[in-house]
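Visitor: Pasted the sequence and its predicted model underneath.
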Amino acid sequence: SPKDCAGRSFDTLREAFLRDGHVIFVSCSVKNKLDAVAEYTAQYAKARPDTHVLRDKRIGRQIALDPDTTTLLQYIHGRPVLPFQTLHFLRGTQRRTHSDVIHFDTLPNRGRMVAAWLALEDVHPTAGPLHYYSGTHSMGLWDYSHVGLEAKWLNDSKDFSRRDPNYERDYIEYQNELQRTIERRGLARSHALLKKGEAILWAASLLHGGSAVEDHNRTRLSQASHYFVAPTAGEPQVYWVPSVSRYTVRRIHVKGSFGSALPAKAFRHRDAQLLKLQGQLSTDSSSSSLLLYGFEAYTLQDRARLDISNIWETNRSRFCQMPPRIQKLCKRPSPPAGELAPCVCGS
């Protein structure tokens, strides 16, 4: 099998990833880009240590679309991967332990997501290195349902408001319950003390976070890239946000939906509309400037596979500049009860 720049075979890396939920590898094709991305990150991320950097998508795209990284991810999962988000970090985030599934997930098959965290400099132990719990990807998804919170909220007869998602309230309780579960099970924490140019890949449900920063004068320059694993041809796949959903009762917040969680009936209808819209976008070159969750569409072929639900909410003005034949899919007068309200350009 192919090898990474440290001489480890892709077979060995794949075996470690599937067993532990993470693996460290070195890309040969990213080496000449490290300094430029590090300089960019230091320049634009100083004000916010945990920032979605969108000022120059060419920079984040170079790393997210790195050939060696995407090739290895495809080798591991057996399917191409679709980058949908980049995060640049100047310093350690000190984020509490979580599973990425809580923030972005796939349906109907869950957990089809993977992350790559690239060190743009040597990570010092006092700079708040990434921490993780090896093997936790095989213990479950670690979402609200897994830790028992969703059932608790839905059955709370004293506070019916808990049946409706509220991120600020729910996520804090999730983090607290997750920490109690980790301590109760005695899970062992590890730290990613990577060297410049090393990357750690992790599975969607691997528990991880940012350790405490002991030296606030130290930077921890890095880029995290998140990918969805592409579905097979003809297989439905939609992207949603579990942290503002109630999966047990199928109240699903689709990425870019117009408001609170959608009932299952509306979710199914929206899915059908998205598939129809994707088919038209795949042959319409005028949509090349669309943004997908902060990421610019890369090629016509990639854009045909990507879920575009987010453009209706965050890029409405761009959507309204699209050809009328595509716009009309969104302009649906008087939708059936329980389904989506019509999207009207300029509103």
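Guide: Alright, I've got the coordinates. Model, not experiment: these values are computed from the prediction. Numbering: from 1, shown residues only.
Visitor: Now P108: closest residue in space, sequence neighbours ignored.
Guide: Distance criterion CB to CB, 6 or more residues apart in numbering; nearest residue to P108, sequence neighbours excluded, is P236 at 6.7 Å. Where you see a C-beta, it was placed from the backbone N, CA and C, and this is true even at glycine.
Visitor: Provide the backbone phi and psi angles at that neighbour.
Guide: phi -70, psi 140 (degrees, to the nearest 10).
Visitor: What score does it have for pLDDT?
Guide: The predicted local confidence for P236 comes out at a pLDDT of 72.
Visitor: ok, now how distant is it from L107?
Guide: The spacing between P236 and L107, counted by CB to CB, to the nearest Å, is 8 Å.
Visitor: so P2 makes contact with F10?
Guide: Yes - in this structure, P2 is within contact of F10 by CB atoms under 8 Å, at 4.9 Å.
Visitor: the more surrounded of these two?
Guide: Set side by side, P2 and F10 show more neighbours around F10, with 17 against 11, by other CB atoms under 10 Å.
Visitor: Could you pull up the contacting residues of the more buried one?
Guide: Counting by CB atoms under 8 Å, 6 or more residues apart in numbering, F10 touches 1-4, 72, 75.
Visitor: Which one (most neighbours) among the residues you listed?
Guide: With neighbours defined as other CB under 10 Å, the most crowded of the contacts of F10 is L72; it has 24 neighbours.
Visitor: ok, now which ones touch that residue?
Guide: With contact set as CB under 8 Å, 6+ apart, L72 has these partners: 4, 10, 13, 25, 27, 201.
Visitor: would you turn those residues into TSV with secondary structure, pLDDT and distance to R184?
Guide: Formatted as TSV, the contacts of L72 follow (DSSP: H, G, I helix; E, B strand; the rest coil; pLDDT from 0 to 100; distance: CB to CB, whole Å):
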residue	secondary structure	pLDDT	distance to R184
D4	coil	97	37
F10	helix	97	37
L13	helix	98	32
F25	strand	96	33
S27	coil	97	38
L201	strand	98	28
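Visitor: Neighbours of the residue nearest to P108, how many?
Guide: Once other CB under 10 Å is used to define contacts, P236 is seen to have 13 neighbours.
Visitor: Confirm for me that W142 is in contact with Q179.
Guide: No - contact criterion CB under 8 Å: W142 and Q179 do not qualify, at 11.8 Å.
Visitor: tell me the average confidence for stretch 244-261?
Guide: Stretch 244-261 shows an average pLDDT of 63 in the prediction.
Visitor: how long is stretch 26-38 end to end?
Guide: Length of stretch 26-38, first residue to last, CA to CA, to the nearest Å: 17 Å.
Visitor: Could you give me the buried positions within that stretch?
Guide: Residues of stretch 26-38 classed as buried under the neighbour-count rule (16 or more other CB atoms under 10 Å) are 26-27, 30, 33-34, 37-38.
Visitor: go on, stretch 223-239?
Guide: Neighbour count says stretch 223-239 has 223-231, 237-239 buried, by 16+ other CB under 10 Å.
Visitor: rewinding a little: list residues touching both of P2 and F10?
Guide: Taking CB under 8 Å, 6+ apart as the criterion, P2 and F10 both touch Y75.
Visitor: thinking again about what came up before, the contacts of F10 into JSON lines, with extra columns for distance to R162 and secondary structure?
Guide: As requested, the contacts of F10 are exported to JSON lines (distance: CB to CB, whole Å; DSSP: H, G, I helix; E, B strand; the rest coil):
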{"residue": "S1", "distance to R162": "49", "secondary structure": "coil"}
{"residue": "P2", "distance to R162": "50", "secondary structure": "coil"}
{"residue": "K3", "distance to R162": "51", "secondary structure": "strand"}
{"residue": "D4", "distance to R162": "47", "secondary structure": "coil"}
{"residue": "L72", "distance to R162": "42", "secondary structure": "helix"}
{"residue": "Y75", "distance to R162": "43", "secondary structure": "helix"}
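Visitor: tell me which of those is nearest to T97?
Guide: In terms of CB to CB, no member of those lies closer to T97 than L72, at 25.5 Å.
Visitor: Please report phi then psi for H98.
Guide: Here the main-chain torsion angles of H98 (degrees, to the nearest 10) amount to phi -160, psi 170.
Visitor: Please report how far it lies from G140.
Guide: In this structure, H98 lies at 13 Å from G140, with CB to CB as the measure.
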